[in-house]
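**Q** here is the input, now give the coordinates:
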Amino acid sequence: MKNEMIAKVLKKYRKNNKLTVNEVAELLNERSLTVATKTIYGWESGQAQPDADTLLVLCEIYNIDDILGTFGYSDKKQFHITNHERELIEKYRQHPELQDAVDKLLS
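**A** Model (predicted):
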């Protein structure tokens with residue numbers, strides 16, 4: 001099923017990340033996905049859509065964390081975290097031996 005939001009979102013996030021279509025093609029190529037610039041233009045104009053694997057890589061390149069919500073598949077309220085909160089979560093995940101203690105402290 002075609003999602004009309006995909007084209008708009010891809011173009012918006014590419015521009016938000018200050019990337020050109022050529023740069024996106026290069027970044028995809030670095031990840032072993034050879035894509036012509038005209039294909040990316042096609043995705044952004046809605047003439048075509050990337051396959052699921054490519055879409056996930058684009059989300060990674062564009063720093064899209066809430067994939068379903070960003071593309072309109074979630075009715076959940078957007079949940080935003082600060083950079084400091086993100087750092088805390090990453091540190092929490094890096095130390096599984098401390099997670100029980102942190103959980104008890106926060107309970």
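
**Q** ok, the residue nearest to A7 when sequence neighbours are not counted to R14 distance?
**A** Leaving out its chain neighbours, the residue that sits closest to A7 by C-beta to C-beta, 6 or more residues apart in numbering is G46, at 3.8 Å. All C-beta atoms are positioned from the backbone trio N, CA, C, and that covers glycine. Applying C-beta to C-beta, to the nearest Å, the value for G46 to R14 is 14 Å.

**Q** out of those two, which sits in the more crowded spot?
**A** Higher neighbour count among G46 and R14: R14, with 20 against 16, using other C-beta atoms under 10 Å.

**Q** give the closest residue to that one in space, chain neighbours not counted.
**A** Setting aside the residues directly before and after it, R14 is nearest to V24 in space (C-beta to C-beta, 6+ apart), at 5.9 Å.

**Q** just say helix, strand or coil for that neighbour.
**A** helix (DSSP: H, G, I helix; E, B strand; the rest coil).

**Q** dump the residue contacts of it.
**A** Residues near V24 by C-beta atoms under 8 Å, 6 or more residues apart in numbering: R14, I40, L58, I61.
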